[in-house]
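>>> I would like the atomic coordinates for the input below:
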Amino acid sequence: MNREKELEIIIDRHDKLFWEDNNPEISDEEYHELTKELRNINPENPVLLKIHTPTVSSLGEIEHAVPMLSLDKVYTIDEWIEWANKVKRNNQEIFYIENKFDGWSVEKNRNILSTRGDGFVGDDISNKLVYIKMIDGSSVSSVSYIHGELVMLKSDFEKIKTQIFRKNGKPYKTPRTILTGLLSKDEIRDGVGKVLTLIPFNSFQIQATFEALKTIDFNKLIEERKNADYPIDGLVMKLADIDYGVSLGSTSHHVRSAMALKLTNPTGKTVLRSIRWSIGKHKITPVGEVDPVEISGVIVDSPSLHNYKYIIDNDIHIGDTLIVERCGDIIPDVQQVIPGKVREKIILESCPVCGSPVEYISPELVCKNTECSGKHLKCLLDSVIRIGIERLGEPTLEKLISIGVSNLVDIFNLTKEDIIKLERFGESSSENLFNEIQKVKCGVVHEWQILASLNVHGVGRRMSKMILELMSLEELRHKTIEELEEIKGIGFITAYNIYCGLLKNNEYINQLLEILPVSTNVISIGEKMEKKCTICFTGKMPEKRSYYENIAREEGYEPVGRVTKDLGILVCMDPDSNSGKAKKARGYGVRIMHLDEWLG
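Below you'll find the model as predicted:
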């Protein structure tokens, strides 16, 4: 599948989540990056030209006399000014700047109120007029024609959020989601009152020449308007000269005479109190412990600090004030550091698990002890996952290590009598774990799983499958470093790691091959799993969440946005996080994996 087709599928999915399900999984910025990438590949792709509208309880369709097209969007002020520079005829070109309201575009013509729909045909929602008032408090019936935005004011949201719930009984979290819920089928009940507000476009408008645009403090303007009662998610700049704007034409999606500036992610201010160190297979990751702060309705207490180089580069100390940014469900990232009056340097001299000295190998801190029990546990957990043993998580592995288990060979040689000796293991739980192990031992294991389970640095599922599509495991074991370097996608370091890893594990590999029924056929992980394994990504990650979800689909996983008792794996940057999803996953006994471990 080529990248253009992949992007079509991903964007279509998120369009459905946003417009049809009223339950978005990614931020506007993440969505923008996806559409931007697709636009660079094919600016005429049909997915980019669609105009979306939420599902509504409608009286029928209404054809617009004049198309109600959408707006193109940018996400930085510099991009916004650059657009104005492109469309201006001279420096005295006049632009209007107004709010981009976070609601629904509608049109009222006499007694008919309709949504934008696809821009050409909308839905008749005149039956909702009873719930709507004008921004100045007057009656909508007093206005013959109006083109504007239907919103729920923040004050109205506070009044009604404890009275109106989703069909599943859960509350709405934002004014826009409750607005969509109220207008969708069967959501409105009697007696809610006029809780929706219609704001005409051109309201709260200012004007400026192009020359004057650069003198306006847009950040201050945005902050002032964000504090108003009406909800906004940006600003709109449009040409004041209507005739000139019309002459620029439009696409089937948006007009060329206006451009929207979408707001950035919400932020919060908090104080760094301590550092929690999370040990992985190859590195020790710092996680900030901060005073709990609410950002967009979510309590944040553990922002990601990524690695030790990040702490050094940003001069972060205990006691500093951090400005953290939250994007959707993502664990916040530190955007700014304000030095505290009392600052304590962040230093880690010994491993938090084994107590051995640590070493800074940029950008990470690593434990120098090759026999570190913390690293060993993470490596064994990863081996278990890659070889395909289900229901064998970290707590049970800790118990197995305590009785002498050190690798997969030891696990496959366990008897029921060995397992029942484990703390809190009875007849039933011992039987279940033994059967899970036997399922793999008596089933089909693929050569790429053997290679991936060795925990060779930089060699996970995808690399293992790629290599063993070209040769057998036996052939690979006889390759020199120079021959490994010739494989596309493998550099000297990875070639060296593979060579040393195979040499070091030579006898161990032989033992695995004797125990397991190994197949040389390379198949996707999804074919080996019982149907599809669901996977959920959470927390700030190096790439957009959609990037990892796409990889997961290729591997046979089914990405989901929520943690339930049936979830297969929760993937994050900090398995020890106290985020809501991580806590819920631990409560359900769901396997939690570090992103690096999942990617291999």
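>>> CA atoms for contacts and neighbours, from now on please.
Fine.
>>> pLDDT weak spots in the stretch 1-150 of the chain?
1, 18-30, 49-59 (pLDDT under 70).
>>> just the strands in it please.
61-63, 70-74, 94-101, 104-109, 112-115, 121-123, 132-134, 145-151 (DSSP state E, counting those that start in this stretch).
>>> give the other helices and strands that the second one contacts.
When contacts are defined as 3 or more C-alpha pairs under 8 Å, 6 or more residues apart in numbering; DSSP states H and E, strand 70-74 sits against strand 254-262.
>>> sheet partners, orientation included, of the following helix or strand past the strand it packs on?
Where DSSP states H and E defines the elements, the next helix or strand beyond strand 254-262 is strand 267-279. Paired strands of strand 267-279, with direction, are strand 284-290 (antiparallel), strand 321-327 (antiparallel) (DSSP bridges).
>>> make JSON lines out of those and add distance to residue 162 and mean neighbour count.
JSON lines is the format used below for the strands paired with strand 267-279 (distance: least, C-alpha to C-alpha, whole Å; neighbours: other C-alpha atoms under 10 Å):
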{"stretch": "strand 284-290", "distance to residue 162": "30", "mean neighbour count": "22"}
{"stretch": "strand 321-327", "distance to residue 162": "25", "mean neighbour count": "22"}
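>>> check these for me: which has the lowest mean pLDDT.
Lowest mean pLDDT within the strands paired with strand 267-279: strand 321-327, at a mean of 76.
>>> put the alpha carbons of it into PDB.
The C-alpha coordinates for strand 321-327 follow below in PDB (Å, rounded to 0.1, in the frame of the first residue of the first chain):
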ATOM      1  CA  THR A 321       8.100  26.200  37.200                       C
ATOM      2  CA  LEU A 322       7.200  24.400  34.100                       C
ATOM      3  CA  ILE A 323       4.800  25.400  31.400                       C
ATOM      4  CA  VAL A 324       3.300  22.200  30.100                       C
ATOM      5  CA  GLU A 325       1.200  21.600  27.000                       C
ATOM      6  CA  ARG A 326      -1.500  19.000  26.600                       C
ATOM      7  CA  CYS A 327      -2.800  17.700  23.300                       C
END
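>>> next one: it to chain centre, how far?
Relative to its chain's centre, strand 321-327 lies at 16 Å (C-alpha atoms, centre = their mean, to the nearest Å).
>>> for stretch 214-221, same thing?
For stretch 214-221, the distance to the chain centre is 30 Å (C-alpha atoms, centre = their mean).
>>> buried sites along that stretch?
By neighbour count with 16 or more other C-alpha atoms under 10 Å, stretch 214-221 contains no buried residues.
>>> do the same with stretch 233-250
By 16+ other C-alpha under 10 Å, the buried positions in stretch 233-250 come out as 233-240, 245.
>>> what is the end-to-end distance of it?
Using C-alpha to C-alpha, to the nearest Å, the end-to-end distance of stretch 233-250 comes out at 23 Å.
>>> domains in the protein, by residue range?
3-49, 61-262, 267-367, 373-519, 531-599 (automatic domain parsing).
>>> quick revisit: residue 283 is nearest to which of the strands of the stretch 1-150 of the chain?
strand 70-74 (37.5 Å; C-alpha to C-alpha).
>>> pull the residues that contact that closest one.
Residues from elsewhere that reach strand 70-74 (C-alpha atoms under 8 Å, 6 or more residues apart in numbering): 51, 80, 119, 253-256, 258-262.
>>> which of those residues scores worst on pLDDT?
Lowest pLDDT among the contacts of strand 70-74: residue 51, 56.
>>> now do the contacts for the nearest residue to residue 262 once chain neighbours are set aside.
Setting aside the residues directly before and after it, residue 262 is nearest to residue 234 in space (C-alpha to C-alpha, 6 or more residues apart in numbering), at 4.4 Å. For residue 234, the contacting residues are 99-101, 222, 260-263, by C-alpha under 8 Å, 6+ apart.
>>> could you pull out the helices for the stretch 301-450 of the chain?
Secondary structure of the stretch 301-450 of the chain by DSSP state H, counting those that start in this stretch: the helices cover 308-313, 373-387, 394-402, 408-412, 416-420, 427-441, 447-452.
>>> I should have written the stretch 151-300 of the chain there, sorry.
Counting by DSSP H, counting those that start in this stretch, the helices of the stretch 151-300 of the chain are 154-160, 175-183, 210-213, 218-226, 242-247.
>>> and residue 386, which of these is closest to it?
Nearest to residue 386 among those is helix 175-183 (40.0 Å), distances taken as C-alpha to C-alpha.
>>> that closest one packs against which elements?
Helix 175-183 packs on strand 145-151, helix 154-160, going by 3+ C-alpha pairs under 8 Å, 6+ apart.
>>> just name the most buried of the ones you listed.
strand 145-151 (a mean of 20; mean count of other C-alpha atoms under 10 Å).
>>> parallel or antiparallel, list what pairs with it.
When DSSP bridges is applied, strand 145-151 pairs with strand 104-109 (antiparallel), strand 196-200 (antiparallel).
>>> most packed of those?
Mean neighbours per residue, mean count of other C-alpha under 10 Å, is largest over the strands paired with strand 145-151 for strand 196-200, with a mean of 23.
>>> rebuild the helices of the stretch 151-300 of the chain as JSON lines, extending it with distance to residue 273 and mean pLDDT.
JSON lines is the format used below for the helices of the stretch 151-300 of the chain (distance: least, C-alpha to C-alpha, whole Å; pLDDT from 0 to 100):
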{"stretch": "helix 154-160", "distance to residue 273": "33", "mean pLDDT": "84"}
{"stretch": "helix 175-183", "distance to residue 273": "34", "mean pLDDT": "78"}
{"stretch": "helix 210-213", "distance to residue 273": "42", "mean pLDDT": "92"}
{"stretch": "helix 218-226", "distance to residue 273": "28", "mean pLDDT": "84"}
{"stretch": "helix 242-247", "distance to residue 273": "54", "mean pLDDT": "91"}
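>>> how about those helices, which one is nearest residue 431?
helix 175-183 (47.3 Å).
>>> the closest residue in space to residue 339 that isn't next to it in sequence and residue 411, how far apart?
When the adjacent residues along the chain are set aside, residue 339 lies closest to residue 320, with 4.8 Å between them (C-alpha to C-alpha, 6+ apart). Using C-alpha to C-alpha, residue 320 is found at 46 Å from residue 411.
>>> these two: who's more crowded?
Higher neighbour count among residue 320 and residue 411: residue 320, with 21 against 18, using other C-alpha atoms under 10 Å.
>>> got the confidence number for the more buried one?
For residue 320, the model assigns a pLDDT of 95.
>>> now swap in residue 503 and tell me
95.
>>> for it, grab phi and psi.
Dihedral angles of residue 503 (phi, psi; degrees, to the nearest 10) stand at phi -70, psi -50.
>>> what's the burial count for the closest residue to it other than its chain neighbours?
Nearest-residue entry for residue 503: residue 477, 7.8 Å, with adjacent residues in sequence omitted and distances by C-alpha to C-alpha, 6+ apart. Applying other C-alpha under 10 Å, we find 15 residues neighbouring residue 477.
>>> do I have it right that residue 477 meets residue 504?
No. Contact criterion C-alpha atoms under 8 Å: residue 477 and residue 504 do not qualify, at 11.1 Å.
>>> residue furthest from the geometric center of the chain?
residue 142 (45.0 Å; C-alpha atoms, centre = their mean).
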